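K.L.:
Here is a sequence together with a model predicted from it:
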Amino acid sequence: MIAANAGNLAAGKNHPCVIIWSLGNESYWSPQWEKVLAFVKQNDPSRPTSFHDQCWGGFNNGGSKADIANYHYPGINGPAAAAVSNRPVLFGEYVHWHVTTAGNW
């Protein structure tokens, strides 16, 4: 996991369009992700990190330590759930389920 992230970090570190390093998507926070976070912070402390924090049933129930939480499919109560976070929160894939099931494409 570190080797794959090392290649991505090296390729994008000096690119001006990279503003946030996303550590992972739809994965559960674990000691391995702690290592990835430490590696990224050591090699590029200038950019914040994010991690998809909704682990199948709850917001940040995996205990992510990334700088920015990424909450998928927050629904109408998403802002209230995110308001208690001590970190910035991004809403990802917000209307994906609603749009595709309503046939609005």
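P.N.:
Great, that's in hand.
K.L.:
mind listing the strands in this structure by residue range?
P.N.:
Counting by DSSP state E, residue ranges of the strands within the chain are 21-22, 49-52, 68-72, 89-92.
K.L.:
Run through who's touching the longest one.
P.N.:
Strand 68-72 is touched from outside by 20, 22, 25-26, 48-54, 59-60, 78, 81-82, 85, 87-93, with contacts defined as CB atoms under 8 Å, 6 or more residues apart in numbering. Any C-beta I mention is one placed from the backbone N, CA and C, and that applies to glycine too.
K.L.:
repeat for the last one
P.N.:
Applying CB under 8 Å, 6+ apart, the external contacts of strand 89-92 come out as Ser50, His52, Ile68, Ala69, Asn70, Tyr71, His72, Pro74, Gly78, Ala82.
K.L.:
Surely the second one touches Glu26?
P.N.:
Yes - using CB atoms under 8 Å as the test, His52 is close enough to Glu26 to be in contact (5.5 Å).
K.L.:
Of those two, which one has the most company?
P.N.:
The residue with more neighbours, out of His52 and Glu26, is His52; 23 against 12, by other CB atoms under 10 Å.
K.L.:
quick one: the more buried one from Gln32, how far?
P.N.:
Look at His52 and Gln32: by CB to CB, to the nearest Å, they are 15 Å apart.
K.L.:
what's the closest of the contacts of strand 89-92 to Lys13?
P.N.:
Taking CB to CB as the measure, Lys13 lies nearest Ser50 of these, at 16.4 Å.
K.L.:
So Leu37 sits against Thr49, correct?
P.N.:
Yes - using CB under 8 Å, Leu37 makes contact with Thr49 at a distance of 6.1 Å.
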